[in-house]
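Chemist: Pasting the sequence and the predicted model now:
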Amino acid sequence: MRAGTVALLGRPNVGKSTFLNACLGERIAITSHHPQTTRDRIAGILSDDDAQLVFYDTPGFHRASHRLGERMNDVASSAAAECDVAIFMTDGGPRIDEAFKPDPEDVRILGTIPPKTPTILVLNKIDRVTPRSLLLPALTALSALREFAAVVPVSALKANGVDRVVKEVKALLPEGDALFDTEELSDKPVRFFVAELVREQILRRTRQEVPHGVAVSVDAFETGPKRSRIAVTVHVAKESHKGIIIGDGGAMLKAVGTHARKRAETLVGHPIHLEIFVRASPRWFDDPERLADLGYTDDAAGARAPRKKAKKKKKKPHTPAPGAPRPRDAKPAPRGEPAKRAKARS
């Protein structure tokens, strides 16, 4: 048996979340065309008969302009320093031409990975490279940046080359017991993914500065035998953004709720009553206390540490939280149980 952690590292928007979803065959990481969509270290657990790969999707390294950005970079740096195997991902597409040179930011990111950590170079979005003959000189130039354990061109969107990356990672993992129960899909609780699904719908429907100023907190998560009630608050950085999120006659908020609810029902396996509130929380992304209230902690995204051995755990019920929007000084509701693979497929 081989088991270990695998950090997905790279610039924003190179396709790390799409790659993770392709590896798992489940869409657990939200995606959008906006950079810096991923804000937390999200574990995606892939288990089979002879290996367990714990992928850590990380925020893209970028030049931070506020405390949230600094924390996101810290999360990615921590994952790079602690992983068993690193996947360094960069992207292809129109920027690969005959005069291709590696992005200086890629060079800087590679420098955050310890020299002794086995690292796989993954060049994503090769479906956008024309002509394909340009791939070889680009891969040659990138390969010269570091001694890589493997070099794999992929199209995460089309799931081309993903299986080969998984095979290469397996060969590099240390021998040992599984780090998580094999039925677990992620180290994050279901309530985390519900909040992310709401945020994803907002990201896909807004533009300019609005997406970067949005956070979602879970105020209530009450499970029942046939239906769950979930209440969330959408925090926006400016009072003027509330109208954008709500939309004309509430149309935007209704569309966000409808699409997020359908995805959440697939995740939990039964109907959900989803309530969404919108609140202006000026410059929440630069306020340490507010960041902590929203779950953006300083402990590498608050991820649950993997166990040394897999153990069966009794299911714990979600602790109900108050139904009304959380007051400004309230603390986040309890984490709840981690997302299970069986639930995600029901």
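Modeler: Cool, got the structure.

Chemist: Just give me how far the helix or strand where Gln52 lies sits from the chain centre.
Modeler: Using DSSP states H and E, Gln52 falls within strand 51-57. Taking the mean of its C-alpha atoms, strand 51-57 sits 13 Å from the chain's own mean (C-alpha atoms, centre = their mean, to the nearest Å).

Chemist: And for that strand, what's in contact with it?
Modeler: Applying C-beta atoms under 8 Å, 6 or more residues apart in numbering, the external contacts of strand 51-57 come out as 1-8, 16-17, 20, 23-24, 29, 38, 41-47, 79, 83, 166, 169-170, 173, 178-180, 182, 187, 303, 306. Where you see a C-beta, it was placed from the backbone N, CA and C, and this is true even at glycine.

Chemist: remind me, longest helix of the protein?
Modeler: Looking across the chain with DSSP state H, the single longest helix is helix 251-268.

Chemist: before we move on, the earlier item: next step: the contacts of strand 51-57 restricted to strands.
Modeler: 2-8, 42-47, 187 (DSSP state E).

Chemist: which residues of the stretch 151-300 of the chain fall in helices?
Modeler: 162-172, 190-205, 239-246, 251-268, 288-293 (DSSP state H, counting those that start in this stretch).

Chemist: Would you single out the least confident of those?
Modeler: In terms of mean pLDDT, the lowest-scoring of those is helix 288-293 (a mean of 89).

Chemist: follow-up on the earlier one: winner for burial among the helices of the stretch 151-300 of the chain?
Modeler: Stretch with highest mean neighbour count among the helices of the stretch 151-300 of the chain: helix 190-205 (a mean of 23; mean count of other C-beta atoms under 10 Å).

Chemist: how much distance is there from that one to the middle of the chain?
Modeler: Distance of helix 190-205 from its chain centroid, counting by C-alpha atoms, centre = their mean, is 11 Å.

Chemist: same question, stretch 17-34
Modeler: Distance of stretch 17-34 from the chain centroid (C-alpha atoms, centre = their mean) equals 8 Å.

Chemist: In contact with Val166, which residues are there?
Modeler: 23, 46, 53.

Chemist: which one of the residues you listed is nearest Lys101?
Modeler: Closest to Lys101 out of the contacts of Val166 is Cys23 (29.3 Å), distances taken as C-beta to C-beta.

Chemist: what's the neighbour count on that closest one?
Modeler: 23 (other C-beta atoms under 10 Å).

Chemist: now Leu185
Modeler: 25.

Chemist: so how far is Ala29 from it?
Modeler: 11 Å (C-beta to C-beta, to the nearest Å).

Chemist: so what sits against both of these two?
Modeler: With C-beta under 8 Å, 6+ apart as the test, Leu185 and Ala29 both reach Gly44.

Chemist: ok, back up a step: which parts of the strand holding Gln52 are buried?
Modeler: 51-57 (16 or more other C-beta atoms under 10 Å).

Chemist: picking up where we left off before, for the helices of the stretch 151-300 of the chain, which one sits closest to His62?
Modeler: It is, among the helices of the stretch 151-300 of the chain and with distance given as C-beta to C-beta, helix 190-205, at 16.3 Å.

Chemist: Just the buried residues out of the contacts of strand 51-57, in ChimeraX syntax.
Modeler: Filtering the contacts of strand 51-57 down to the buried ones (16+ other C-beta under 10 Å) takes a single ChimeraX command:
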select :2,3,4,5,6,7,8,16,17,20,23,24,29,38,41,42,43,44,45,46,47,79,83,166,169,170,173,178,179,180,187,303,306
